[in-house]
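Asker: Give me a 3D structure for the following:
(one chain, ligands or ions: 1)
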Amino acid sequence: MTSQDVVVPEMGIGAGAAMPGSGGTAGLFACRSAAAGAMSMRQTYHLAAARSAPASCTWLEAMRACSPPRSRGGAGADVDELSSWMRKHPSALGKFEQIAGACKGKKVVMFLDYDGTLSPIVANPDAAYITDAMRAAVRDVAKHFPTAIVSGRCRDKVHNFVGLSELYYAGSHGMDIKGPTSNPESVLCQPASEFLPMIEEVYKVLVEKTKSTPGAMVENNKFCLSVHFRCVDEKRWNFLAEQVKAVIKDYPMLKLTQGRKVFELRPSIMWDKGKALEFLLESLGFADCSDVLPVYIGDDRTDEDAFKVLRKRGQGVGILVSKCPKETSASYSLQDPTEVMEFLLRLVEWNRKSSSSPAMLRPRVL
Ligand SMILES: O=P(O)(O)OC[C@H]1O[C@H](O[C@H]2O[C@H](CO)[C@@H](O)[C@H](O)[C@H]2O)[C@H](O)[C@@H](O)[C@@H]1O
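Answerer: Take a look at the predicted model:
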């Protein structure tokens, strides 16, 4: 599996690269404390059932596991688990020189997830703002490398949040792709357009069904829907899950997955963030290019599809944003959006300095 074009930690890919949904043993893991640095053991997080679409008896467990608690004392936390995970998925900041070395002479293409990667997770999805500093960092990155935002959100919404017209945007988990607005001829890909009427219908049904659950919120992401339960009392989670499952039963063309305290309903087509990454590379003229290096940064289970594509291509750098050990196909890790910003700024700075490198090529706008 390892190839010279895949940037892997010195330790190699290792057993931690198991795919979500592949089963595995539940474990109690230590988490990194943002305040105290990479190897501090302050929090614990049960990984039990934090996989893809669970069997009905594990729905509740999966809902509990889908987003780690913010802070929990963990004096007895399993330090070995965290150390072992960190060896397999080391900090992209700690291993920056290694990553920069791999970028040297390559055409870097940057792919960035939005929620939990560029903006911190907050209770209200409509208030998940990006900071001005992060926006400036992304703007800088896009001056050096073609840059795409790949999000579960509706494309227009994530574009409004990020506010940069020079980027590529892949909304609805990659099912709605558009290039920089400066170019009216720019790429456009909407492989699920025939599902629009169905999504609209299901949106209305879900709003009606969930209105009796305080805190539940249905978000229309155009080609997919999100049912948020972050603000729902845990005692009502099972009921909400049953309601969502009852709705989706009538729509076999849709599939149900789970993100961070959110149910995600989307068309059952062979399209995901990984396909979006491949589509964008092809649109940029890098389909069979041996000297392209896609860098993908994301925090959620849907980002795993993109990490897997990088591994399959034997090309690229996958970086998972997480404070806790998680099953992932990413090679490196960063703790939170603050570290993501630091990484982006360092990459820009490195590219400025190595001005003679082909990585300096200006983004090709389609
Ligand atoms: O692919 P992403 O850009 O990561 O989008 C995935 C989902 O992100 C949003 O929900 C998450 O972030 C919210 C704001 O921080 C948070 O309140 C929620 O609990 C998280 O699940 C977005 O609202 C969803 O529609 C996306 O599917």
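
Asker: make it CA atoms for all contacts and neighbour counts henceforth
Answerer: Will do.

Asker: residues in contact with residue 167?
Answerer: Contacts here follow CA atoms under 8 Å, 6 or more residues apart in numbering; on that basis residue 167 touches 142, 146, 147, 148, 149, 179, 180.

Asker: again, only this time at 10 Å
Answerer: 138-139, 142-143, 146-149, 159, 178-182, 363, 365 (CA atoms under 10 Å, 6 or more residues apart in numbering).

Asker: Ok, residue 265 next?
Answerer: Applying CA under 10 Å, 6+ apart, we find residue 265 in contact with 199, 202-203, 221, 223-227, 244, 248, 254-258.

Asker: ok, now residue 195?
Answerer: Remark: with contacts taken as CA under 10 Å, 6+ apart, residue 195 is in contact with 222, 223, 224, 253, 254, 266, 267, 268.

Asker: Look up which helix or strand residue 308 falls in, please.
Answerer: Using DSSP states H and E, the element containing residue 308 is helix 304-313.

Asker: sorry, back to before: overlap between the contacts of residue 265 and the residues near the ligand?
Answerer: residue 226 (CA under 6 Å from any ligand atom).

Asker: Just the closest of the contacts of residue 265 to the ligand, please.
Answerer: The shortest approach to the ligand among the contacts of residue 265 belongs to residue 226, at 4.9 Å (CA to the nearest ligand atom).

Asker: Confirm that closest one sits in a strand?
Answerer: Yes: Residue 226 sits within a strand when classified using DSSP: H, G, I helix; E, B strand; the rest coil.

Asker: contacting residues for it?
Answerer: Contacts of residue 226 by CA under 10 Å, 6+ apart are 152-153, 203, 206, 217-220, 256-259, 261-266.

Asker: just so I have it, where are all the helices in this structure?
Answerer: In chain order, the chain shows helices spanning 59-65, 79-88, 96-103, 132-144, 155-162, 196-210, 237-249, 273-283, 304-313, 337-353, with DSSP state H as the criterion.

Asker: before we move on, the earlier item: just the angle between the helix holding residue 308 and helix 273-283, please?
Answerer: Between the direction of helix 304-313 and that of helix 273-283, the angle (axes from the mean of the first three to the mean of the last three CA atoms, to 10 degrees) works out to 50 degrees.

Asker: Near the ligand, which residues of the stretch 201-350 of the chain are found?
Answerer: Residues of the stretch 201-350 of the chain found near the ligand, taking CA under 6 Å from any ligand atom as the criterion, are 219, 226, 230, 259, 260, 261, 262.
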